[in-house]
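In: how would this look folded up:
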Amino acid sequence: MQEWLLVVFRTVLTIVVLFLLTRLLGKRQVSQLSLFEYITGITIGSLAATIPIEMDGSWYLGIVSLLVWIGFSFGIEFLTLKSKTLRDAVDGHGTVLIKDGKILEENLKKERLTTDELMEQLRSKNVFRVADAEFAVMEPSGGISVLLTKENLPITPNSLGIKVAPEQETQTVIMDGEIMDEPLATIGLNRKWLDVELEKIGVAIENVFLGQVDSYGQLYVDLFDDQLIVPKPQVKATLFATLKKCEADLEMFALSTDNKEIKDMYEQSSIRLAKVIDNVRPVLTR
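Out: Numbers count the residues shown, from 1 in each chain. As a prediction, this is how the structure comes out:
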């Protein structure tokens, strides 16, 4: 076999083997790396690069070395799942950099992290004042996790005591002007429903770059022509406004009659409707 064909064969073989072995190691190998995973990535890359161009008869030993290294890495990862001590030895553990709003200079020196680098990491977390950080720790992967002080934490519905409805996965039903039947079926809809919704906003299917349906059955579309403005869905807002109007009408009817029996009926109906509105408010106002 000619040398160039041999190189092509070895390269393809190396790519296939490397892909399969990386899949075996899992997604951690392509995410933020620990120290051992960093070393593993470099070594695997170096071995894989030399295999295709090794011209002597022992090129297959590179494959053997690659398999041994992957097997060793896989074994280490398995053992670290079972042993906290080994996990700390291999992956390391977090280092506290800020505690109670104060920078721990000794820990900065230990991690060889400058003040400028610390501030850069904090800014990447939208923290521009050290005083706004209650706690910060450098993770084994090298990233920094930050806990803001209570007064600087973002407001959430939970902190305000507001109940919100659970959010389910949004389905992409149109992509590049083509209808995606499987996502439509997943949420119990069909092409006829989609055609009706597109007709409501006056858009043709071939003009839609991306279309998504949320868990409440509202369609959102992005058009190829960015100059066109598509109205946002108003179904939930309209329904909520209608319910509030009905509640107000019932209260007005109760005030406009002198018949006690009818007045009580309207008042009780208004109270019951108000309870219904409170129950559906998280769904209709999000």
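
In: can you tell me how far Ile44 sits from Gly142?
Out: The spacing between Ile44 and Gly142, counted by C-beta to C-beta, to the nearest Å, is 20 Å. C-beta here means a position set from N, CA and C on the backbone, and glycine is covered the same way.

In: And Val68, by the same measure?
Out: For Val68 relative to Gly142 (C-beta to C-beta), the value is 28 Å.

In: first vs last residue of stretch 253-269, how far apart are they?
Out: Stretch 253-269 has an end-to-end distance of 11 Å (C-alpha to C-alpha, to the nearest Å).

In: contacts for that stretch?
Out: Applying C-beta atoms under 8 Å, 6 or more residues apart in numbering, the contact partners of stretch 253-269 are 250-251, 270.

In: do the same with stretch 99-114
Out: 95-98, 115, 118, 130-131, 133-135, 138, 149.

In: Same check on stretch 179-192?
Out: The contact list for stretch 179-192 (C-beta under 8 Å, 6+ apart) reads 171-174, 193-194, 205, 213, 215, 217.

In: can you rerun that using 10 Å?
Out: 168-175, 193-195, 197, 205, 208, 211-215, 217, 219 (C-beta atoms under 10 Å, 6 or more residues apart in numbering).

In: Can you flag the buried ones in the residues you listed?
Out: 171, 173-174, 193-194, 197, 208, 211-214, 219 (16 or more other C-beta atoms under 10 Å).

In: picking that back up, out of the contacts of stretch 99-114, which sit inside helices?
Out: 115, 118 (DSSP state H).

In: Mind putting the contacts of stretch 99-114 into CSV with distance to Ala274?
Out: Putting the contacts of stretch 99-114 into CSV (distance: C-beta to C-beta, whole Å) gives the following:
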residue, distance to Ala274
Thr95, 54
Val96, 50
Leu97, 51
Ile98, 48
Thr115, 57
Leu118, 53
Val130, 48
Ala131, 45
Ala133, 44
Glu134, 41
Phe135, 43
Met138, 52
Thr149, 38
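
In: Name the single longest helix found in the protein.
Out: The chain, longest helix under DSSP H: helix 260-284.

In: buried sites along that one?
Out: Those would be 266, 269-270, 273, 281, 284, for helix 260-284 by 16+ other C-beta under 10 Å.

In: Relative to the whole chain's centre, how far out is that helix?
Out: Mean-position distance between helix 260-284 and its chain equals 39 Å (C-alpha atoms, centre = their mean, to the nearest Å).

In: returning to what we had before: quick one, which of Val68 and Gly142 is more surrounded?
Out: Gly142 (15 against 11; other C-beta atoms under 10 Å).

In: Wasn't the more buried one part of a helix?
Out: No: using DSSP: H, G, I helix; E, B strand; the rest coil, the assignment for Gly142 is coil, not a helix.

In: From Gly177, how far off is it?
Out: Distance, Gly142 to Gly177, by C-beta to C-beta: 43 Å.

In: go on, Ile42?
Out: Taken as C-beta to C-beta, the span from Ile42 to Gly177 is 44 Å.

In: Same check on Met119?
Out: Applying C-beta to C-beta to Met119 and Gly177 gives a distance of 47 Å.

In: Test my guess that Leu122 contacts Phe128.
Out: Yes: at 7.3 Å, Leu122 counts as touching Phe128 under the criterion of C-beta atoms under 10 Å.

In: Please say which of those two ends up with more neighbours.
Out: Leu122 (20 against 9).

In: mind listing what that one touches?
Out: Per C-beta under 10 Å, 6+ apart, neighbours of Leu122: 97-98, 128-130, 132-133, 136, 144, 146.

In: picking up where we left off before, can you list which of the contacts of stretch 179-192 are found in helices?
Out: Taking DSSP H as the definition of helices, these contribute 193-195, 197.

In: quick one: which of these is nearest Phe240?
Out: Of all the ones in helices among the contacts of stretch 179-192, Phe240 sits closest to Glu197, with 19.5 Å by C-beta to C-beta.

In: Thank you, goodbye.
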